[in-house]
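Peer 1: I would like the atomic coordinates for the input below:
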Amino acid sequence: MKINEELRKLIPPLTKEEFFILEKSIKNEGCRDPIVIWNDVIVDGHNRFEICTKHNIPYKTIQKNFDSIEEVKIWMIDNQSGRRNLTDGWKWELTQRKKKLLLEKGKEEQKKPFKNIIKNSTGNQGVLSIIDKTPSLHMKTYNTQKELAKELGWSTGKIAIADVVWKKAPKEVKEEIKKGEKSFNQVYKEIKKKERLEKIERQREKIDKECLEKPNGLYEVIVIDPPWEYSRGGSSYDPDGNRAMVPYPEISIEELKKLKLPAEEDCVLWLWTTNAFMKEAYELLKVWGFQDKTILTWDKQILGAGWWLRNITEHCILAIKGEPRRKGIFKNEKWTTLISEKRTKHSAKPESFYKMVEEICVGKKLDYFARKKRKGWDVYGDEVQ
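Peer 2: Presented below is the predicted three-dimensional model:
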């Protein structure tokens with residue numbers, strides 16, 4: 001019998017403990033499972049063969065027929081996938097090897113013509129036609145998340161995470177996953193955290209380099225959503241334990257106080273803040289020369305992050321300077337101190353808020369630290385400029 005090293009390396013190796021247990025079992029009870037061979041080459045039972053040879057223990061063989069070495073490898077992977085002791089890393093590695101083999105097999109099949117056999121009028125089989133290429137019998141569905149999830153018994157979400165990790169993680173990290181030293185979720189979060197921090201650094205460099213042109217003129221209505229400094233306590237964005245940290249460059253309270261708002265003498269200011277920065281928000285109003293009037297609360301309808309209590313609300317302080325105008329003979333019978341609207345992407349504010357401001361306030365409008373352009377508004381922010 002022969003040992004093909006390429007085939008041997010295809011299967012996940014046993015740990016020292018697993019090999020010791022198998023060796024002890026074979027020495028005490030004999031080799032119960034036959035060694036599977038193909039053309040005198042071992043395709044299953046490498047460890048059993050090694051143990052039996054070492055201790056001169058009899059063993060049985062069973063011959064299997066395959067058309068190619070690729071079919072052998074696919075069979076070996078399917079056979080190994082049923083092992084209970086396989087780590088998630090090895091399970092995923094095997095699916096990727098199988099996917100590659102099926103893809104190669106499919107390409108080879110595409111190159112070969114095939115005969116479409118039918119019965120002719122005499123009952124004998126005859127050749128109907130020769131077609132230039134045939135579709136792959138395996139790759140058509142195997143590559144989908146749904147098929148992989150079904151084969152592995154995982155959720156499609158876990159399949160998506162594993163796919164990202166296997167594409168982006170370095171080789172040594174993949175080995176740690178295969179050994180069970182790290183999980184897919186753990187590495188995925190590490191990748192996402194690194195990507196976020198790199199994105200923030202790129203944003204900082206872009207802002208410093210381009211020196212965004214500030215709003216031109218003065219405004220009667222200003223909406224401002226400051227990038228509050230969540231990292232002031234020494235923490236940074238962490239998708240695992242500190243999800244509230246912002247994934248964009250922050251500005252300190254001291255820097256915010258130095259901002260010269262382009263406000264008219266008579267101006268309405270809508271200052272967005274969170275529970276963590278309520279005190280600082282009122283300090284800013286005082287420095288900027290605005291008097292607070294009321295607080296709007298936004299019910300986001302989706303549970304957010306939080307240490308003591310989970311956040312589901314955000315707040316906007318309505319403050320004024322001078323005697324700003326209101327639309328017509330203003331009599332508010334519609335808008336209250338509560339907006340209930342499901343949150344969308346990070347920091348994006350509810351559309352009903354802007355509708356409310358437009359229905360209440362009169363004058364030139366500015367959205368400061370904006371996320372997107374808005375008809376009838378001037379906008380300022382690195383994401384829209």
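
Peer 1: so where's this structure shaky on pLDDT?
Peer 2: 106-143, 200, 204-213, 231-249, 328-330, 346-347, 382-385 (pLDDT under 70).

Peer 1: Pop the domain breakdown of it in here.
Peer 2: 1-86, 104-212, 215-380 (automatic domain parsing).

Peer 1: who wins for proximity to residue 97 among those domains?
Peer 2: Among the domains of the chain, domain 1-86 comes nearest to residue 97, with 5.9 Å by Cβ to Cβ. From N, CA and C alone the C-beta is placed, and that goes for glycine too.

Peer 1: distance between the ends of the closest one?
Peer 2: 27 Å (Cα to Cα, to the nearest Å).

Peer 1: How about the contacts made by residue 327?
Peer 2: Residue 327 sits next to 359, 360, 361, 362 when contact means Cβ atoms under 8 Å, 6 or more residues apart in numbering.

Peer 1: try residue 358
Peer 2: 365, 376.

Peer 1: Can you dump the C-alpha atoms of the helix or strand harbouring it in PDB for me?
Peer 2: Counting by DSSP states H and E, the element that carries residue 358 is helix 351-360. Output of helix 351-360 as PDB, limited to C-alpha atoms (Å, rounded to 0.1, in the frame of the first residue of the first chain):
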ATOM      1  CA  GLU A 351     -36.600  62.400   8.700                       C
ATOM      2  CA  SER A 352     -39.700  63.500  10.700                       C
ATOM      3  CA  PHE A 353     -37.300  65.800  12.700                       C
ATOM      4  CA  TYR A 354     -36.400  67.700   9.600                       C
ATOM      5  CA  LYS A 355     -40.000  67.900   8.500                       C
ATOM      6  CA  MET A 356     -40.900  69.400  11.900                       C
ATOM      7  CA  VAL A 357     -38.100  72.000  11.700                       C
ATOM      8  CA  GLU A 358     -39.200  73.000   8.300                       C
ATOM      9  CA  GLU A 359     -42.800  73.400   9.400                       C
ATOM     10  CA  ILE A 360     -41.900  75.400  12.500                       C
END
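
Peer 1: and the next element down the chain from that helix?
Peer 2: Per DSSP H and E, the first helix or strand lying C-terminal to helix 351-360 is strand 365-368.

Peer 1: returning to what we had before: residue 93 is nearest to which of the domains of the chain?
Peer 2: domain 104-212 (6.1 Å).

Peer 1: Just the helices from the stretch 251-385 of the chain, written as ranges.
Peer 2: Per DSSP state H, counting those that start in this stretch, the stretch 251-385 of the chain carries helices over the ranges 253-257, 278-288, 351-360.

Peer 1: of those helices, which approaches residue 196 most closely?
Peer 2: That would be, of the helices of the stretch 251-385 of the chain and by Cβ to Cβ, helix 253-257, which comes in at 21.6 Å.

Peer 1: Pull out the buried residues from that closest one.
Peer 2: 253, 256 (16 or more other Cβ atoms under 10 Å).

Peer 1: can I get the domains of the chain in JSON lines with distance to residue 93?
Peer 2: Output for the domains of the chain, formatted as JSON lines (distance: least, Cβ to Cβ, whole Å):
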{"stretch": "domain 1-86", "distance to residue 93": "8"}
{"stretch": "domain 104-212", "distance to residue 93": "6"}
{"stretch": "domain 215-380", "distance to residue 93": "24"}
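
Peer 1: before we move on, the earlier item: among the contacts of residue 327, which ones are buried?
Peer 2: By 16+ other Cβ under 10 Å, those give 360, 361 as buried.

Peer 1: Would you mind checking which of the contacts of residue 327 is nearest to residue 58?
Peer 2: For those, the nearest to residue 58 is residue 359 (89.9 Å; Cβ to Cβ).

Peer 1: mind listing what that closest one touches?
Peer 2: Residue 359 neighbours (Cβ under 8 Å, 6+ apart): 327, 334, 335.

Peer 1: any idea how far it is from residue 296?
Peer 2: Distance of residue 359 to residue 296, computed by Cβ to Cβ, to the nearest Å: 14 Å.

Peer 1: Test my guess that residue 301 contacts residue 341.
Peer 2: Yes. In this structure, residue 301 is within contact of residue 341 by Cβ atoms under 8 Å, at 7.1 Å.

Peer 1: Export the helices of the stretch 251-385 of the chain to TSV and append columns for distance to residue 162.
Peer 2: Putting those into TSV (distance: least, Cβ to Cβ, whole Å) gives the following:
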stretch	distance to residue 162
helix 253-257	42
helix 278-288	41
helix 351-360	36
